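1. Prediction below, plus the sequence it came from.
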Amino acid sequence: MTVAAEGSPPLRMAGARRNPLLQSEAVQGFALISPTFVYALILLVLPILVVIAHSFWTQNYLTIDHTFTLENYRIALTEPIYRDLLWRSLYISLTVSLLTVLLAYPIAYFISFHGGRHKSLWLFLITIPFWTSYLLRVMSWKVILGYNGVLNSGLMGLGIISEPSDALLYNSTAVIITLTHAWATFAILPIFVSLEKVDRTLVEAATDLGDGPLRSFLRVTLPLSVPGVISAALIVMIPTVGDYVTPKLVGGKDGVMIANAIQAQFGKASNWPLGAALSVTTMIIVSLMAGATVLVIRALQRLAR
Amino acid sequence: MTAMRRFLPGWLSSYATLYILFLYLPVIFLPIFSINTAATPKFPLSGITLHWYEDLPKTPALIDATWNSLLVGISASILSTVLGILAARSITRYRYPGRRAINGLIMAPLVLPEVIVAISMLLVMLQLGLSLSLFTVVLGHVLVCIPYSMTVLTSGFEGFDRSLEEASADLGESAFGTFRRVTLPMVAPAIISSLLVCFTISLDEFIIAFFLTGTEATLPIYIWGQLRFAAKLPGVLALGTLLLLASFVLMTIAEILRRRAARRTQNEGGLHA
């Protein structure tokens, strides 16, 4: 086996001599990835550029007026309805990412440190619900929280309440519960991966040097798993801010989010430029919020040391 | 302190069990109420029936939606797996400038709000003069499936021993021959796993299909349309149960294959170490 390994470098050099340009690693690698890269350019980068361009234009009944204007952004940022929707979306996505990370951390920790031989079974059990249809999972929360739903009929059956409560469904709390459930897996996996990377000898060293389990967790394990916490928070925060299905199905009037307003501009209201400006504004603000979250977590990490 | 060390795993494992229950509980209500005789989903069940399932094949719109979903799912899974193979192979095998940036771009749909991805694609497709159809849905699904395909495939390609390919080239195989006769058999489980994962995602995907389809509905769009009618709920629950079952079976097979692929490449690597 070592002979094969030693034999390979001269072989590659011989190849390089044959056609230096085509044989070079960089060119081969780039050529191989280019179809996928071009696909992402055409269906992701180009569309986003088109959306940004639209956000500076104006809808003129059925046509688009291409003169540059910031009017759409003025509307997106100052009209009370959009401002409120944006704030609520940010509040909901921040709450959901905080909740999912807090709830997910002990699970990830348990699987990584105490999972034993069942580690992959636990991971499998956690990922399976995630692969089921998102629409169906949201729908099942509607069944649970509804006026005639499982929770109401259950609580009535137990004699806790005498008539069904309509406070469970159609508000932002219902949206938060549903999203926290839907994104749980996304938070567990990154934290688990970073906990797996924590060098166990460091934890042992801390224990040997007299740190109790809590102290060694707070000063060794937790700070070392911060990258996982950060990616878990971001991977939940950014997509949930633009969630459409959950607010539509369980949010009611009080749970409407910005994505519903964006959809309306591309549907009924038919004001593409305003919809585009709302999308761009949402993306910029959620990116700022994500950046701020990273800074806060890093600051906390420094405090813990 | 030692007491705490002993109790902590116990607490954690009960918490983990509760958490798994929290993850599964909502989903379990779908099958339960799909066999309920009453149309409103509440306890206690008024009686057990398979009536709602028997009605499913009698709905022409549902049959159409099923065919549409299968067509979209198969096309999207094949296309995204092919694009995923190229990208995953390039990322795991070669080193070149911009590799990480390109990888980041390809993975980006995973973390972007779906609505924004969907409306941006909608704008471009309308600008390009494409009429909305199942084809545009496939284009959209491929974009969101590629990151998942990449994840499955890179884990299959990583740890793959390069010297096997070099040996094959050494013995006179062409580049294509080496790929077909050495690389492909090693990574076949990962490829099938990627096909299954992408098919499942496409089958369940709603937002992109909702924005990019013309008049033809896929299964999630059909369900969305039915949700407006309270009386149709049990039928939707029955259909949902079947979809859940399909996702569950497909993902279990995908997981088994992915693990087999990982084990295969790692074992080979282990031989050389």
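-> Done, it's in.
2. okay, CA-based contacts and neighbour counts for the rest of this
-> OK.
3. now for the biggest helix by length in chain B, which elements pack on it?
-> The longest helix of chain B (DSSP state H) is helix B:233-272. Secondary-structure packing of helix B:233-272 (3 or more C-alpha pairs under 8 Å, 6 or more residues apart in numbering or on different chains; DSSP states H and E): helix A:119-131, helix B:2-34, helix B:51-55, helix B:134-157, helix B:184-204, helix B:219-226.
4. List the contacts of the first one.
-> If I follow you right, that is helix A:119-131. The contact list for helix A:119-131 (C-alpha atoms under 8 Å, 6 or more residues apart in numbering or on different chains) reads A:111-112, A:115, A:182-183, A:185, B:20, B:23-24, B:27, B:200-201, B:247-248, B:251.
5. Can I get the helix or strand that it is followed by as PDB, trimmed to CA atoms?
-> For helix A:119-131, the following helix or strand on the C-terminal side (DSSP states H and E) is helix A:134-145. Presented in PDB, the C-alpha positions along helix A:134-145 are these (Å, rounded to 0.1, in the frame of the first residue of the first chain):
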ATOM      1  CA  TYR A 134     -43.500  21.100   6.600                       C
ATOM      2  CA  LEU A 135     -47.100  21.900   5.500                       C
ATOM      3  CA  LEU A 136     -48.400  18.700   7.300                       C
ATOM      4  CA  ARG A 137     -46.500  19.500  10.500                       C
ATOM      5  CA  VAL A 138     -48.000  23.000  10.600                       C
ATOM      6  CA  MET A 139     -51.400  21.500   9.900                       C
ATOM      7  CA  SER A 140     -51.100  19.200  12.800                       C
ATOM      8  CA  TRP A 141     -50.500  22.100  15.100                       C
ATOM      9  CA  LYS A 142     -53.800  23.600  13.800                       C
ATOM     10  CA  VAL A 143     -55.500  20.300  14.800                       C
ATOM     11  CA  ILE A 144     -53.900  20.500  18.200                       C
ATOM     12  CA  LEU A 145     -54.500  24.200  19.000                       C
END
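6. quick check, helix A:134-145 touching chain B?
-> Yes - looking at helix A:134-145 against chain B by C-alpha under 8 Å from any C-alpha of the partner chain, the contacts come from A:134-137, A:140-141, A:143-144.
7. now the angle from that helix to helix B:219-226?
-> Angle, helix A:134-145 to helix B:219-226, by axes from the mean of the first three to the mean of the last three C-alpha atoms, to 10 degrees: 40 degrees.
8. What are the buried residues along the helix or strand following helix A:134-145?
-> Remark: after helix A:134-145, the chain's next helix or strand is helix A:150-157, criterion DSSP H and E. By 16 or more other C-alpha atoms under 10 Å in any protein chain shown, the buried positions in helix A:150-157 come out as A:150-154, A:156.
9. Next, give me the two most distant ones among the residues you listed.
-> A:150 and A:156 (9.8 Å; C-alpha to C-alpha).
10. What residue in the stretch 101-250 of chain B comes nearest to chain A?
-> Going by C-alpha to the nearest C-alpha, chain A is nearest to residue B:113 of the stretch 101-250 of chain B, at 4.0 Å.
11. Excluding chain neighbours, what is closest to that residue?
-> Distance criterion C-alpha to C-alpha, 6 or more residues apart in numbering or on different chains; nearest residue to residue B:113, sequence neighbours excluded, is residue A:239 at 4.0 Å.
12. Local confidence estimate at that neighbour?
-> For residue A:239, the pLDDT comes out at 90.
13. circling back: near chain B, list only the ones from the buried residues of helix A:150-157.
-> Within the buried residues of helix A:150-157, those near chain B by C-alpha under 8 Å from any C-alpha are A:150, A:153-154.
14. Of the residues you listed, which is the nearest to residue A:65?
-> Residue A:65 lies nearest to residue A:150 out of those, by C-alpha to C-alpha, at 51.4 Å.
15. List the contacts of whatever residue of chain A ends up closest to chain B.
-> Proximity of chain A to chain B (C-alpha to the nearest C-alpha) peaks at residue A:239, 4.0 Å away. With contact set as C-alpha under 8 Å, 6+ apart, residue A:239 has these partners: B:111-114.
16. In terms of model confidence, name the weakest of these.
-> On pLDDT alone, residue B:111 ranks lowest of the contacts of residue A:239, at 85.
17. quick one: it and residue A:238 touch, right?
-> Yes - here residue B:111 reaches residue A:238: they are 6.5 Å apart, a contact under C-alpha atoms under 8 Å.
18. of those two, who's got more company?
-> Each of residue B:111 and residue A:238 has its neighbours counted (other C-alpha atoms under 10 Å in any protein chain shown); residue A:238 has more, 24 against 15.
19. starting at the chain centroid, how far to the host helix or strand of the more buried one?
-> Per DSSP H and E: residue A:238 is located in helix A:226-241. Taking C-alpha atoms, centre = their mean, to the nearest Å, the mean C-alpha location of helix A:226-241 is offset from the chain mean by 5 Å.
20. Point out the other helices and strands that the helix or strand that comes right after it packs with.
-> Remark: after helix A:226-241, the chain's next helix or strand is helix A:245-246, criterion DSSP H and E. Counting contacts by 3+ C-alpha pairs under 8 Å, 6+ apart, helix A:245-246 is packed against helix A:134-145, helix A:172-182.
21. from the contacts of helix A:119-131, which single one is nearest residue A:201?
-> Residue A:201 has its nearest neighbour among those in residue A:112, at 14.6 Å by C-alpha to C-alpha.
22. was I right about the closest one contacting residue A:192?
-> Yes - look at residue A:112 against residue A:192 with C-alpha under 8 Å: they come within range, at 6.3 Å.
23. what about these two, which has more around it?
-> Between residue A:112 and residue A:192, counted using other C-alpha under 10 Å, residue A:192 has the larger neighbour count: 25 against 22.
24. what's the nearest residue to the more buried one if we skip its chain neighbours?
-> Among residues not flanking residue A:192 along the chain, residue A:108 sits closest, at 4.7 Å (C-alpha to C-alpha, 6+ apart).
25. List the buried residues of the helix or strand the one you found falls within.
-> Using DSSP H and E, residue A:108 maps to helix A:80-114. Across helix A:80-114, burial judged by 16+ other C-alpha under 10 Å covers A:82-90, A:92-101, A:103-112, A:114.
26. what packs against that helix?
-> Where contact means 3+ C-alpha pairs under 8 Å, 6+ apart, helix A:80-114 is packed against helix A:71-78, helix A:119-131, helix A:172-182, helix A:184-196, helix A:226-241, helix A:258-266, helix B:2-34.
27. Around chain A, which positions in the stretch 51-200 of chain B sit nearby?
-> Residues of the stretch 51-200 of chain B lying close to chain A by C-alpha under 8 Å from any C-alpha are B:83-84, B:86-91, B:93-97, B:102, B:105-106, B:109, B:111-117, B:119-121, B:123-124, B:140, B:143, B:163, B:166-167, B:170, B:200.
28. still on that earlier bit, wait, which of the ones next to chain B among the buried residues of helix A:150-157 is closest to residue B:48?
-> Nearest to residue B:48 among these is residue A:150, at 17.0 Å by C-alpha to C-alpha.
29. just checking, the closest one touches residue A:143?
-> Yes - contact criterion C-alpha under 8 Å: residue A:150 and residue A:143 qualify, at 6.5 Å.
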